[in-house]
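K.L.:
Next comes the sequence, and after it the predicted model I'd like to discuss.
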Amino acid sequence: MLVYDDEKNDASLVEVKMRRAPAETNILIFAKLISAYKEFWNDSILIIVVPCGHVFYAQRVNKLMAKGAYNAIRDFQKLEEVFCKVTKEDICHFRKQALQIMEK
């Protein structure tokens, strides 16, 4: 996905991954996948959506280590900390939708 900030006149490449992690402290993402992101899209942003904790987390790929398991609280930021125009109301609305999708 391409995210454009009209105030900064800047675009970011964003990848979104949903994971059915039992806890936000143990999210599995293949190390090879992160390595590929670092090689080809090092300036991109990875968003993870998990059915626990804050639900939406984001991190710049160049700040991630390719290790396979991540702690969203420690290795990522809350989505609205990376995308400052996202409001608490947005998070609340889409959190409910994301949790419903992951229950299926």
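P.N.:
Right, received. Where do you want to start?
K.L.:
Please make it C-alpha for all contacts and neighbour counts, starting now.
P.N.:
Will do.
K.L.:
Could you give the separation between the terminal residues of stretch 40-48?
P.N.:
One end of stretch 40-48 sits 19 Å from the other (CA to CA, to the nearest Å).
K.L.:
Equivalent analysis for stretch 45-59, please.
P.N.:
End-to-end span of stretch 45-59 (CA to CA): 6 Å.
K.L.:
any idea how far it is from the chain center?
P.N.:
4 Å (CA atoms, centre = their mean, to the nearest Å).
K.L.:
which residues are in contact with that stretch?
P.N.:
With contact meaning CA atoms under 8 Å, 6 or more residues apart in numbering, stretch 45-59 is reached by 12-24, 60-61, 72, 75-79, 82, 91, 95, 98-99, 102.
K.L.:
let's see it at 7 Å
P.N.:
13-21, 23-24, 60-61, 72, 76-79, 82, 95, 99, 102 (CA atoms under 7 Å, 6 or more residues apart in numbering).
K.L.:
Just the ones of those in helices?
P.N.:
If you go by DSSP state H, the contacts of stretch 45-59 have 72, 79, 82, 95, 99, 102 in helices.
K.L.:
Count residues in the vicinity of the closest residue to the fourth one other than its chain neighbours, would you?
P.N.:
In this structure, Arg95 finds its nearest non-sequential neighbour in Val55, 6.5 Å apart by CA to CA, 6 or more residues apart in numbering. Residues lying near Val55 (other CA atoms under 10 Å) number 22.
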